[in-house]
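[1] Sequence plus the predicted model coming up.
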Amino acid sequence: MKATNMIALTLVVIGALNWGLIGFFGFDLVTTLFHGSLFWLARVIFALVGLSGLWCLTPVSYTHL
């Protein structure tokens, strides 16, 4: 369970950094890295970041971190 929590936390931090870049500079790093034919990969990353955010909301993930 600890590995899942660390992966989720890492993805949440990546998402937070990406949103910070969007907010401060209007620059979407994930979409820039995975544009064109790899845009599906950017969508997968966005979906995983969203699911990780929900995972980190659960109280059990904080007690076992």
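    Now that the structure is in, tell me what you want to look at. Numbers count the residues shown, from 1 in each chain.

[2] Setting the sequence-adjacent residues aside, check what's closest to L11.
    Excluding the flanking residues, the one nearest L11 by C-beta to C-beta, 6 or more residues apart in numbering is S52, at 3.9 Å. Every C-beta, even on glycine, is put in place using the N, C-alpha and C of the backbone.

[3] which of the residues in the helix or strand hosting that neighbour are buried?
    Element membership of S52 [criterion: DSSP states H and E] is helix 39-57. Within helix 39-57, the residues that count as buried by 16 or more other C-beta atoms under 10 Å are 42, 45-46, 48-49, 52, 55.

[4] shaky segments in the protein?
    Along the chain, segments meeting pLDDT under 70 span 1, 60-65.

[5] Check it and tell me which residue is nearest its centre.
    V49 (2.9 Å; C-alpha atoms, centre = their mean).

[6] Check the spacing between that residue and H35 real quick.
    Distance, V49 to H35, by C-beta to C-beta, to the nearest Å: 17 Å.

[7] Got phi/psi on D28?
    Dihedral pair for D28: phi -100, psi 100, per degrees, to the nearest 10.

[8] That one: what's it in contact with?
    18, 21-22 (C-beta atoms under 8 Å, 6 or more residues apart in numbering).

[9] one more time with 10 Å
    Contact analysis of D28 by C-beta atoms under 10 Å, 6 or more residues apart in numbering lists 18-19, 21-22, 35, 42, 46.

[10] before we move on, back to that, show me which of the buried residues of helix 39-57 is closest to T10.
    Using C-beta to C-beta, S52 comes nearest to T10 of the buried residues of helix 39-57, at 8.0 Å.

[11] ok, that closest one touching T58?
    No. Using C-beta atoms under 10 Å, S52 is not in contact with T58, being 11.1 Å away.

[12] Need the overlap of contacts for these two.
    Residues within reach of S52 and of T58 at once, by C-beta under 10 Å, 6+ apart, are 5, 8.

[13] Check the buried residues of helix 39-57 and tell me the two furthest apart.
    Longest distance between any two of the buried residues of helix 39-57 is 20.1 Å, between A42 and W55; criterion C-beta to C-beta.
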